[in-house]
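1. Here's my sequence, what's the structure:
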Amino acid sequence: MANASILEIEKKFEMGVYPKRDISLVRGRGSLVWDADGKEYVDFTSGIGIAILGHAHPKIAEAVSRQAATLLTCNESFGNDERAKLLERLASLWQSATSTSGKVFLCNSGTEAIEAAIKLARAKTGRKGLVAAMNAFHGRSTGSLALTFKPKYRERFEPLIGPVARVRYNDVESLRAAVNADTAAVFLEVIQGEGGIRPATAEYLKAAREICTQAGALLVIDEIQTGCARTGKFFAFEHYGIAPDACTLAKGLGGGVPIGALIAREEACAFKPLEHGSTFGGNPLVCASANAALDAMDAEHILAQARENGEWLMGRLRSLSSRHPCIIEVRGQGLMLALELKVESKPILQAAQANGLLVLSAGEMVVRLLPPLNTPRPVFEKALSILDSVLP
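-> Here you go, the predicted structure:
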């Protein structure tokens, strides 16, 4: 089918919750994708950070194919070899990052991981109150939506769970004033993704750790977009030398398949049997894909690639800003980067797409770049050339 035919069918039968671009992607390889009419694009969206090792990575594709022919489903009432392997690896990564033992809950998405974290915090503390930052995005299901900042996502569906105190990001005193004896957990992103690729300061995250410890509240770090090596560390909080009580992962964890995870220090794990669960969570197919993605990250030295390419790309983007006065700031970390503009980002996204580059927005005046972490330098150069040509 052609682009137009696919889009017409989707428009007719979908509920219309997704604003559509005017192309239909049908094939991918590495950092490149092709639409139904055969046009090639450099994909610096990675499916909003999902294709962290690019599209159709051979090790991931082989693992998914092998597991699909072996065992697709095995609920959590039974053990499974791929699940056991993934749980052990995630717990080991947590131990290395925090110097504490951890436990893992596997689910299907980031928003489900946040939902689990809310319940865990309430189970552990016996409290109800939640704290989240202004401009935060934690998901669209009703619990995670209560933490998400923008009213356009929340207002039609209120009342949501609460109470939720909203604090200014990177404002220590605002956070200190909001946390009290009824606070179950503070939820923070290390880099606000949908909020404009805005990194936290070291002072802020260290203060958050201290404030939560003093109040007996859990510090939950949302690593849904920043995790899995996106910033050059497996967990972005590792850059700051803090140890949260829990963190959430999703997006890149499965190398392209739907998976989420909540990891928490063992002492915070207060769930009783059947108090939480997920029918598809931790199924053998997604665990095999995640294990293959983690294997490939090790074999391809992805952490080093994300750091080195991130520093190089940051420098190249800053050189673009010297030629394009519309750029206010280049910011981010690793390969989670953004251009804040003096003009609206939508026309830039459209022009880039017309010229063969797919990028994202992160607010009305921010262009967001989430390339696969193993993108070759020539592909980066092509993307930079296109950006240079479309920026005013």
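
2. drop to CA atoms for contacts and neighbour counts, all remaining ones
-> Will do.

3. quick one: contacts of stretch 192-210?
-> Contact partners of stretch 192-210, identified using CA atoms under 8 Å, 6 or more residues apart in numbering, comprise 135-137, 169-172, 175-176, 189-191, 219, 225, 240, 242-244, 331-333, 336-338, 340, 362-363, 366, 368.

4. Return a PyMOL selection command for the buried portion of those residues.
-> PyMOL command restricting the contacts of stretch 192-210 to the buried ones, with burial defined by 16 or more other CA atoms under 10 Å:
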select buried, resi 135+136+137+169+170+171+172+175+176+189+190+191+219+225+242+243+244+331+332+333+336+337+338+340+362+363+366+368
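
5. Out of the contacts of stretch 192-210, list just those in helices.
-> Judged by DSSP state H, the subset of those located in helices is 172, 175-176.

6. now, which of those residues sits nearest residue 327?
-> Each of the ones in helices among the contacts of stretch 192-210 was checked against residue 327 using CA to CA; the closest is residue 172, at 28.8 Å.

7. contacting residues around that closest one?
-> Counting by CA under 8 Å, 6+ apart, residue 172 touches 203-204, 207-208.

8. Return the member of the residues you listed nearest to residue 156.
-> residue 208 (31.1 Å).

9. tally of neighbours for the closest one?
-> For residue 208, the count of nearby residues is 25 (other CA atoms under 10 Å).

10. wait, is it part of a strand?
-> No - read with DSSP: H, G, I helix; E, B strand; the rest coil, residue 208 is helix and lies in no strand.

11. do you know how far it is from residue 174?
-> Going from residue 208 to residue 174 by CA to CA, to the nearest Å gives 11 Å.

12. Over to residue 12?
-> 47 Å.

13. Look at those two and report which has more neighbours.
-> More crowded of residue 12 and residue 174, by other CA under 10 Å: residue 174, with 14 against 9.

14. ok, the most centrally placed residue in the chain - contacts?
-> The C-alpha lying nearest the average C-alpha coordinate of the chain belongs to residue 225 (CA atoms, centre = their mean; 1.6 Å). Each residue near residue 225 by CA under 8 Å, 6+ apart is listed here: 49, 193, 249-252.

15. Show me those residues that map onto helices.
-> Counted as lying in helices by DSSP H, out of the contacts of residue 225, are residue 49.

16. Among the contacts of residue 225, find me the one that's closest to residue 312.
-> Checking these against residue 312 with CA to CA, the nearest one is residue 49 at 19.3 Å.

17. hmm, back to that, phi, psi of the residue nearest to the centre of the chain?
-> Main-chain dihedrals, residue 225, degrees, to the nearest 10: phi -100, psi -30.
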